[in-house]
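Undergrad: what shape does this take:
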Amino acid sequence: MNKEGGNQTDLIKEFHDLKDSYNSMKELYEKEISGLRQSYEFLRKSDEIFKTAYMTSPDSININRLSDGLYVSVNEGFTKIFGYTEKEVTGKTSFELNVWFNPDDLKNLLNEIETKGKVHNFETKFLSKKGNIVYGLLSASLADLNGAPHILTILKDITETKKTEAALKQSEERFRSVAQSANDAIITTDSAGLILGWNSGAKNIFGYSESEIMGQPLNLIIPDDSQIMHERGMKRLESVDEKHVIGRTVELIGMTKEHVSFPLELSSSEWETSEGKFFTGIVRDISRRKRTELENKVLFEITQGVTTTSNLDELLKLIHHALSEVVSAENCFIALYDLNSGLFSFPYFVDKYDETPSPISSAKSCTSYVFRTVKPLVLTQKIFDRLVEMGEMELVGSNSPSWIGIPLQTPSRVIGVLVLQNYEKENVYSENDINFLISTGSQIAMAIERKKAEEEINFKNNQLQTLNAEKDKFFSIIAHDLRGPLSAFVAATQIISEEIKSMSVEEIEDITNSMKTSATNIYSLLENLLEWSRLRRGGMDFIPVKLDLNAIVNECINILSESARKKEIKIETYIPEGTEVFADNHMFETIIRNLVYNAIKFTSKGGIVKIAAAKKDDIATEITVSDTGIGIPPELKNKLFQLDEKTSRPGTDGEPSTGLGLLLCKEFIEKHGGEIWVESEQGNGSVFTFTIIQFNNRVNEN
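TA: From the prediction side, this is the model:
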């Protein structure tokens, strides 16, 4: 190959290399051109998007020149929020438009932009064209437009949000004000039972301050015996979402800081946030309401007690039980004043240490002081000591640290005093207790008076029934027992009248003896009837005198000797010589005569009747009348001294009997302060025994 050929080859190769380089450069250029075109297209489209976003954004967007603050451009959002069109603001400053509510905020904004180059979430207030306040959340940054610095500002209208927040804050303040001023406790807890809200009402009710209770478990205000129930309720709410309490008002028991339990009323609600479930309860202390209900119940029970109890003792027991439901009344007594005797009696007395006292004057006792002053008295040691020094009072019975006396006053007078006392604690009785007992005292007094009047009426009714029974007894005696001997007497007189001319002396003697017996029985019966009638009508004088017992007994035996002789009954006396009794002569004779006559009547021929007397003790003589007669059946023995029971039976010789003689004996013996009883077995005779006060003691009593 020649030299020219070699050069040509080199040129061709160089040409191809240049061509390849050209093609590579061309390809690279075309790629760059394409990229530039794409970048231009992106910028163009981005500019259009920015312009669209700029113009259609609901937020206010405005551009101001940094050098003088003139508005360059505003969007539609600016117009809607502030009321100015772009034409109205272009070339003007915000000072000229008076847009800023507080111009100092603009100065602070510009200082921060110049320092940091931007501002984020700057909150301030503006004025619209109409003068309305606009709350805005502003973000701004510096931008270079046409070689000059500008401020691009985006403002979000938060006016409605601020109004809502203000309304919410106002509502919260109102709620807080109401909650704090409410008498009821308003308590908020989380689902774990920790206390998150505590108003002044809660402090007043439970005693804990807000700083003491916040974050503490709710169990702190729940009594120990109610905590298990509370924990179960909370678990049920959490596990099965049971709303057995939510939205309802329920009664529960709460506990104060001083560990005092009290009834409460709870209304609760549940609410939930992103942080979990919460519960708000409105708690009302219903102690006063419950106490009022209980006090009314007690007053009702006392009032009703007059009709539901059978006697005064039962009524007083009911009153004590009723009072115990409200106040401390373990030790309680009622003292009633008797106008006639001037003494206090104690129909009801329950005390831990002292026994029921006998009726006493108690001139300087605490009870007497309340009665005299007609004022309730809560007695402390200090008050007691002062009254003792004044000579107004002295200690009667055991001393107690808590004592209260309430006068029992009817509309007409004070009838007595109600006393409650506690031996264990001081200051047991509160002001509420005092007021309750004062209001109850008059009810108790009237209830006692009504019951006493009722018992008096019942007593009168019983007396009337007794008198009616006695009247019936009289009629029975007259109709039956008196008619028999009278009929026999009339029959005997008729026989004599019609047949005396044909009768022998012996026959006439028999009839006259029969007439004598009938007349004697009639006389004895009439005498007993008259005695009984006089005694019952209060027409019989009671004049006890000194009597020789042997003389009285012998006189009665003489009167009854004929009856004893006919039945061949021997009468024996065993009375020490000189035995004296102090008794009404007529009544005592009647007692001896009736007892001896009954012994003769129910003793068969050949029997014995004994009369004995012995000194029983220092105050009485015991007298017995015994016989060897037919005795008394058991069913009859228990009825002998009862007026409304029929006890009459014929004697061993058919002698009539009314049972009235034994009733007279009982009445006359009791008139003398003694008593009578009988010991008897059917077929083995009877022993009637009675006591009578001895002469010396009767004199001393009088």
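Undergrad: what packs against the helix or strand encompassing Thr292?
TA: In this structure, Thr292 sits in helix 287-308 according to DSSP states H and E. Other helices and strands packing on helix 287-308, by 3 or more CB pairs under 8 Å, 6 or more residues apart in numbering; DSSP states H and E, are strand 261-273, helix 312-324, helix 431-476. All C-beta atoms are positioned from the backbone trio N, CA, C, and that covers glycine.
Undergrad: let me see the backbone angles for Ser57.
TA: phi -60, psi 140 (degrees, to the nearest 10).
Undergrad: re the thing from before, can you redo the helices and strands packed on helix 287-308 as CSV with distance to Asn399, mean neighbour count and mean pLDDT?
TA: Listed next are the helices and strands packed on helix 287-308 as CSV, based on distance: least, CB to CB, whole Å; neighbours: other CB atoms under 10 Å; pLDDT from 0 to 100:
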stretch, distance to Asn399, mean neighbour count, mean pLDDT
strand 261-273, 30, 15, 87
helix 312-324, 22, 18, 93
helix 431-476, 20, 15, 83
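Undergrad: okay if I get those as TSV plus distance to Glu173?
TA: As requested, these are exported to TSV (distance: least, CB to CB, whole Å):
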stretch	distance to Glu173
strand 261-273	19
helix 312-324	49
helix 431-476	37
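Undergrad: before we move on, the earlier item: buried stuff in the helix holding Thr292?
TA: Neighbour-count burial for helix 287-308 flags 287, 295, 298-299, 301-302, 305-306 (criterion: 16 or more other CB atoms under 10 Å).
Undergrad: where exactly do the strands run in the stretch 501-650 of the chain?
TA: Taking DSSP state E, counting those that start in this stretch as the criterion, the stretch 501-650 of the chain carries its strands at 544-548, 570-574, 580-584, 608-615, 620-627.
Undergrad: Thr367 is nearest to which of those?
TA: strand 620-627 (36.5 Å; CB to CB).
Undergrad: any stretches of the stretch 251-400 of the chain with poor pLDDT?
TA: 362 (pLDDT under 70).
Undergrad: so Leu218 makes contact with Thr189?
TA: Yes: assessed by CB atoms under 8 Å, Leu218 is found in contact with Thr189 at 5.4 Å.
Undergrad: need the overlap of contacts for the two.
TA: Applying CB atoms under 8 Å, 6 or more residues apart in numbering, one finds that Leu218 and Thr189 are jointly contacted by Ile195.
Undergrad: restrict the helix holding Thr292 to CA atoms and write it as CSV.
TA: This file holds the C-alpha atoms of helix 287-308, laid out as CSV (Å, rounded to 0.1, in the frame of the first residue of the first chain):
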residue,chain,number,x,y,z
SER,A,287,-79.2,11.5,105.2
ARG,A,288,-81.6,14.3,106.1
ARG,A,289,-84.3,12.9,103.8
LYS,A,290,-83.9,9.4,105.2
ARG,A,291,-83.9,10.7,108.8
THR,A,292,-87.1,12.7,108.1
GLU,A,293,-88.8,9.7,106.6
LEU,A,294,-87.7,7.6,109.6
GLU,A,295,-88.9,10.4,112.1
ASN,A,296,-92.3,10.5,110.3
LYS,A,297,-92.4,6.7,110.5
VAL,A,298,-91.7,6.8,114.3
LEU,A,299,-94.3,9.5,114.9
PHE,A,300,-96.8,7.4,113.0
GLU,A,301,-95.9,4.2,114.9
ILE,A,302,-96.4,6.1,118.2
THR,A,303,-99.7,7.5,117.2
GLN,A,304,-100.9,4.1,115.9
GLY,A,305,-99.6,2.5,119.1
VAL,A,306,-102.5,3.8,121.0
THR,A,307,-104.9,1.5,119.1
THR,A,308,-102.5,-1.4,118.3
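Undergrad: the residue nearest the centre of the chain and Gly91: what is the separation?
TA: For the chain, Leu294 is the residue whose C-alpha lies nearest the centre (CA atoms, centre = their mean; 3.5 Å). Leu294 sits 86 Å away from Gly91, going by CB to CB, to the nearest Å.
Undergrad: give me the contacts around the helix holding Thr292.
TA: 262-263, 314-315, 318-319, 322-323, 325-326, 432, 436, 439-440, 443-444, 447, 450-451, 454.
Undergrad: ok, so of the buried residues of helix 287-308, who is nearest Glu498?
TA: Comparing the buried residues of helix 287-308 against Glu498 with CB to CB picks out Val306 as the nearest, at 70.2 Å.
Undergrad: okay, now the domains of this protein?
TA: The chain resolves into domains spanning 54-163, 182-285, 293-451, 541-701 when parsed by automatic domain parsing.
Undergrad: any chance of these in CSV, plus distance to Asn513?
TA: Below are the domains of the chain laid out as CSV (distance: least, CB to CB, whole Å):
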stretch, distance to Asn513
domain 54-163, 134
domain 182-285, 93
domain 293-451, 57
domain 541-701, 10
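Undergrad: what helix or strand is Leu336 located in?
TA: Leu336 belongs to strand 331-337, assigned by DSSP H and E.
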